[in-house]
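*Asks:* no sequence on this one, just coordinates:
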């Protein structure tokens, strides 16, 4: 626990993550090796393995700890779930997905399963907290199922629009979010 507070630990971890992100832009994920990452970050293999298990671990860390934080900050900044709030979160998620697809176009397809898992879990957790506030009388199972339904729906819709390159109409989104929040 203490090592995470050490500035050298944080600096080295950030250096490794930045090297990884640079490589993801240049190469397909499947072609990136630990050697590539360590050379780019100017650290040795032992240092890499002190921070991460493998390249999948660093991928998960970069997505959840770094990239997705903007979306999660948007979710947790609200006090209640309303159609307007879901609309804001959806467009934040859509922007996140589009940016990742554009920035890491060579590896985006390889990232998709990991992105999906992380986004659904993190959004689900955040929505669960907001739903508990709004529906304090609901049993935990109902809160959990509702949070899953909302997070999976938002992820699926954002993925659809990233793949097609189209943007949904405001009216369609408003109707969809009203239906998602219908208790």
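*Replies:* Perfect, thanks for sending it. Note that this is a predicted model, so its numbers are computed, not measured.
*Asks:* pLDDT score assigned to the residue of the chain most remote from its centre?
*Replies:* Distance to the chain centre peaks in the chain at residue 137, reaching 29.7 Å (criterion: C-alpha atoms, centre = their mean). Looking at residue 137, its pLDDT reads 94.
*Asks:* got phi/psi on it?
*Replies:* In terms of degrees, to the nearest 10, the main-chain angles of residue 137 are phi -90, psi -10.
*Asks:* next, count neighbours for residue 125.
*Replies:* Using other C-beta atoms under 10 Å, residue 125 has 14 neighbouring residues. Just so you know, the C-beta spots here come from the backbone N, C-alpha and C atoms, and that holds for glycine as well.
*Asks:* ditto for residue 165
*Replies:* Neighbours of residue 165 using other C-beta under 10 Å come to 8.
*Asks:* which residues are in contact with the host helix or strand of residue 171?
*Replies:* If you go by DSSP states H and E, residue 171 is part of helix 170-181. The contact list for helix 170-181 (C-beta atoms under 8 Å, 6 or more residues apart in numbering) reads 81, 82, 83, 84, 86, 87, 90, 149, 150, 153, 157.
*Asks:* buried ones among these?
*Replies:* 81, 83, 86, 87, 90, 150, 153, 157 (16 or more other C-beta atoms under 10 Å).
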